[in-house]
Every structure is written in C-alpha cells, then in structure tokens.
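> what follows is a predicted protein model with its sequence.
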Amino acid sequence: MTIPFWCLFIAVVLPYVWFSFAAPFRAMQFGKALDNHTPRSQEPELRGRAARAQGAHTNSLEALAYFSPAVLVAHLTHADPEWSARLAKILSACEALAAATPASTACGIHRDFYPSQVIVDGHRLWLLDFDLYCLGDPALDAGNFIGHVTEKALRELGHAKALEDFERVLEDSFLELSGQHTRAAVHTYAVLTLARHIFLSTRFTERAHLTEKLIELCEARLGLPSRAG
C-alpha cells in the first residue's frame, strides 16, 4: 500500500481515536460517556479535556471529507507519486497539529486577514473584505496574516525568514492583547496557511516555482523529513 493510502487509513481511524479519548472525560462530567438520544446536546456543555478531545474528533471528521477524495483523485489521475506521498504526510501532520491545538474563546474575526486587506492612511488603518466575517478563534487572523507574510518573503525576497522581525512584532502585539496561552494557536494557523499556499502556488503560473519550496518549508515546520532527508 502506498504512503498516501496509509495516511488515508490513519485519517479514517483518527476520529474514532479522539472519540474514545473523549469518552472517559464525558463520563466524569455527565455520569455517562454518551447520551445516545441527544448526543449533540452534550457538546456545548463539554469542558476541559472533554471539549478538546471532542473538538479533535470533529476536526478529524471534517478533514477526512477533503482528504479522502484528494487521495483517490491523485491515485486515479496518476499524480506524481513523490509529491503525492509528501503532500499526504503534510496533510496528516496538519490534521494532527490542528487537533492538538487548544481551543480559544471565540469572537468576531475577519477570517481572511492578510497584508493586502489593510490600507494604511497616515495614522489610520482601513480593513477590507469582510465577506467571511464570522465568530471564530482570533488566533486564526493573526496566524493567517503571519503565514501570508512568510509566503510573501519567500516569493518576493527569496527566503522564508526575510520578514521574520515583522512577524515577531505582529505576534508579540497579538499576544499582549490575547494572552500567552494563544501562542500555540497562532503558530498552528500560520503553518496551516503555508500548507494552503502549496495549493495556491499551483493555481498561478507566476508562483509555480514556489511549490517545491513551500512543500519543504511545511515539512520543516511540521517536523517531517524532507526529500533530502
């Protein structure tokens, strides 16, 4: 069995692993692991580890809906086997990273926040494009912005760390407002943004040269062995 199909097998098993992990914490909180009559009514009331495990379970199911057809399409269209294997590992690692990221208190977020959405007019800032505005994790906006800056540095300056001083100031400023406990979530969303840019690099001819570099960058950020390794 190929690496992408092994990753697909793991992705199928993960929701059950997280659900099993949540069961004893549900039992401690509610006196039983699951209310079979109204199971979803329990979810908003979950706290602590039970809530995090349930969130991981839900995230795993949502990711599986995208990952499964992607693996099958790649197999049926005879996609490059090396890239397919590396991308499958990246996606599996992203799923695990997202599942392990603590949930934050939701608030109104932009949902597509990156440098081109900001106009600087002297001492005044204008924010654009609120069509995706929603209730969500504020760390998503900070991480997405940082991920875009990293991609911009790689694309325009030739090195992913070329704008890291700016990224650090942005992250520190966000953490001052949101608290140090959100640092992990910011890092998670920054990595997930870079992973999304792998796909975007294949959609624009002028960015095609970045695909391999973005794959290598995501492998490094996720602690995966690179092709050279």
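Yep, that arrived.
> show me what the helix or strand of the chain with the lowest mean pLDDT is packed against.
Ranked by mean pLDDT, DSSP states H and E, the weakest helix or strand in the chain is helix 48-76, scoring a mean of 73. Using 3 or more C-beta pairs under 8 Å, 6 or more residues apart in numbering; DSSP states H and E as the contact definition, the elements that helix 48-76 packs against are helix 3-30, helix 81-100. Any C-beta I mention is one placed from the backbone N, CA and C, and that applies to glycine too.
> so which bits of it are buried?
Along helix 48-76, the positions that meet the burial threshold by neighbour count (16 or more other C-beta atoms under 10 Å) are 50-57, 59-60, 63-64, 67, 70-71, 74.
> okay, angle between it and helix 81-100 too, please.
170 degrees (axes from the mean of the first three to the mean of the last three C-alpha atoms, to 10 degrees).
> centre of the chain to the helix or strand hosting Leu170, how far?
Counting by DSSP states H and E, the element that carries Leu170 is helix 164-178. Taking the mean of its C-alpha atoms, helix 164-178 sits 19 Å from the chain's own mean (C-alpha atoms, centre = their mean, to the nearest Å).
> mind showing which ranges of the chain have poor pLDDT?
For the chain, the stretches flagged by pLDDT under 70 are 1, 26, 29-46, 50, 66, 70, 73-79, 227-229.
> now the end-to-end length of stretch 145-158.
In terms of C-alpha to C-alpha, to the nearest Å, the two terminal residues of stretch 145-158 are separated by 19 Å.
> three-state assignment of the closest residue to Cys134 other than its chain neighbours?
Closest residue in space to Cys134, ignoring its immediate chain neighbours: Arg111 at 5.4 Å, by C-beta to C-beta, 6 or more residues apart in numbering. Reducing the assignment to helix, strand or coil with DSSP: H, G, I helix; E, B strand; the rest coil, the entry for Arg111 is coil.
> now the spatially most central residue of the chain: how far from Leu14?
The centre of the chain sits closest to Leu192, judged by C-alpha atoms, centre = their mean, with a distance of 3.4 Å. Shown here: Leu192 relative to Leu14, a distance of 17 Å by C-beta to C-beta, to the nearest Å.
> could you do Gly223 as well?
According to C-beta to C-beta, Gly223 and Leu14 sit 18 Å apart.
> and the two? Which one has more around it.
A direct count of neighbours by other C-beta atoms under 10 Å for Gly223 and Leu14 places Leu14 higher, at 21 against 8.
> what sits against the more buried one?
60, 64, 95-96, 99 (C-beta atoms under 8 Å, 6 or more residues apart in numbering).
> and those, which is closest to Ala142?
Ala142 lies nearest to Ala99 out of the contacts of Leu14, by C-beta to C-beta, at 19.8 Å.
> so what's Ala11 up against?
Residues in contact with Ala11, defined by C-beta under 8 Å, 6+ apart, are 60, 63-64, 67-68, 92, 95.
> would you list the residues you listed in a markdown table and tack on distance to Ser201?
What follows is the contacts of Ala11, written out as a markdown table (distance: C-beta to C-beta, whole Å):
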| residue | distance to Ser201 |
| --- | --- |
| Ser60 | 26 |
| Ala63 | 21 |
| Leu64 | 24 |
| Phe67 | 19 |
| Ser68 | 23 |
| Ser92 | 20 |
| Glu95 | 21 |
